[in-house]
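Engineer: sequence first, then the predicted structure:
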Amino acid sequence: MSSPATPLPPAIRRVAIVGAGTIGASWAALFLARGLEVVVSDPAADAESQTRARVQAAWPVLTELGRVLPDASPSALTFEPDLETALAGVDFVQENGPEREDFKTELFARMDAALPPHVIVASSSSGLIMSRLQSRCRHPSRFVIGHPFNPPHLIPLVEVVGGEQTSADTIDRCIAFYRNMGKYPIRLNKEVPGHIANRLQAALWREAIHLAAENVASVADIDAAVSQGPGLRWALFGPHMTFNLGGGEGGLANFMNHLLGPVQTWWDDLGAPDVSPELQQRLIEGVKAEAENRSIADLVVARDAQLTALLKTLQR
């Protein structure tokens, strides 16, 4: 469940979205709904039209969830393809460029040269290390990872972690800002590739691929083993709390005392699949069959509708 959203302090009123695409547009929709002015910068020819369309598509859902402030409007969105012009006068930057260390390192140095030292630059990077990205900046203390989960305007989680030169004040201010946006920020105490949530996802997917490779079940049934089982519980509690409940009145201590041994044998048997081209094709064909001729657009609409219903239930 997202943390309660409160009126935004006056310190941050104008946000720059650097790099559009699905993540950037989703961030833009959320910031606009919270009453901010948003400028989007992306050199792609169709970036503006795509961003505006995605914001308009997200607006009804944000309204339904009660996340749109009375004075908020999509009309507060502007577009500026020139980066330096877009950064003029902004109070916060959410960067969503390509997931390449060389690209982001150069981009960060460029933004650093254009921005006053107090403006926080948060990166949506899903797995890169901030200490490397900030290495060429004159004011590295204001750079931080603010990694959302897709789509950011719906999924509450945002992972916040600084680099070696990021200040504690930057992290505190960034967390406070996201919380005011209605997000659920978590603080990472150290840098690890992939942060937390993507590492957990990757671990589960690795075993799901192994099970498919071993023909334990179809791709669709392996997915159903998550979505129709533990995935429903994980919408409410994470793995530690889930197993705490699994221990009954004795909690996690009782669970470990009785079941840690069997679980350890499962860990010992987990796979490390070689994802060959042939296995990749099997997985691709498997999800095609699971989709039952629904397009990606149809699946996204269905996902977002069910996410909205779940979020409304959690709010109650």
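Structural biologist: Arrived safely, thanks for sending.

Engineer: ok, how many other residues are close to the residue nearest to D71 when sequence neighbours are not counted?
Structural biologist: Closest residue to D71 in three dimensions, ignoring its sequence neighbours and counting by C-beta to C-beta, 6 or more residues apart in numbering: G35, at 5.4 Å. The way it works is simple: take the backbone N, C-alpha and C, and place the C-beta from them, glycine included. Using other C-beta atoms under 10 Å as the criterion, G35 is surrounded by 16 other residues.

Engineer: tell me the gap between stretch 300-316 and the middle of its chain.
Structural biologist: Centroid separation for stretch 300-316 versus its chain: 16 Å, with C-alpha atoms, centre = their mean, to the nearest Å.

Engineer: let me redo that: stretch 247-266
Structural biologist: The gap between where stretch 247-266 is centred and where its chain is centred comes out at 31 Å by C-alpha atoms, centre = their mean.

Engineer: that one: which residues count as buried?
Structural biologist: 247, 252, 255 (16 or more other C-beta atoms under 10 Å).

Engineer: right, and the residue nearest to D71 touches R67 too?
Structural biologist: No. The pair G35 / R67 is not scored as a contact, 10.7 Å apart, by C-beta atoms under 8 Å.

Engineer: can you list residues touching both of those two?
Structural biologist: Common neighbours of G35 and R67, counting by C-beta atoms under 8 Å, 6 or more residues apart in numbering, are absent.

Engineer: what are the ranges of the helices in the stretch 151-300 of the chain?
Structural biologist: In the stretch 151-300 of the chain, helices defined by DSSP state H, counting those that start in this stretch lie at 168-180, 197-213, 219-227, 230-234, 239-246, 251-269, 277-291, 296-315, listed in chain order.

Engineer: okay, these in TSV with mean pLDDT and distance to V61 next?
Structural biologist: TSV is the format used below for those (pLDDT from 0 to 100; distance: least, C-beta to C-beta, whole Å):
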stretch	mean pLDDT	distance to V61
helix 168-180	96	19
helix 197-213	97	22
helix 219-227	98	21
helix 230-234	95	21
helix 239-246	96	28
helix 251-269	96	36
helix 277-291	97	22
helix 296-315	92	5
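
Engineer: looking at the ones you listed, which is nearest to A58?
Structural biologist: Put simply, out of the helices of the stretch 151-300 of the chain the one that sits nearest A58 is helix 296-315, at 8.5 Å, with distance taken as C-beta to C-beta.

Engineer: and the closest one with helix 277-291, angle?
Structural biologist: On the basis of axes from the mean of the first three to the mean of the last three C-alpha atoms, to 10 degrees, helix 296-315 is oriented at 70 degrees to helix 277-291.

Engineer: counting contacts, what elements does helix 296-315 pack onto?
Structural biologist: Contacts of helix 296-315 with other secondary structure elements, assessed using 3 or more C-beta pairs under 8 Å, 6 or more residues apart in numbering; DSSP states H and E, are made with helix 47-64.

Engineer: pLDDT of the helix it packs on, averaged?
Structural biologist: Per-residue pLDDT over helix 47-64 has a mean of 96.

Engineer: and it, what does it pack against?
Structural biologist: Using 3+ C-beta pairs under 8 Å, 6+ apart as the contact criterion, the elements in contact with helix 47-64 are helix 21-33, strand 37-41, strand 77-79, helix 296-315.

Engineer: check contacts around the closest residue to S167 other than its chain neighbours.
Structural biologist: The shortest distance from S167 to any residue that is not its chain neighbour, by C-beta to C-beta, 6+ apart, is 4.0 Å, and that residue is S141. Contact analysis of S141 by C-beta under 8 Å, 6+ apart lists 165-167, 169-170.
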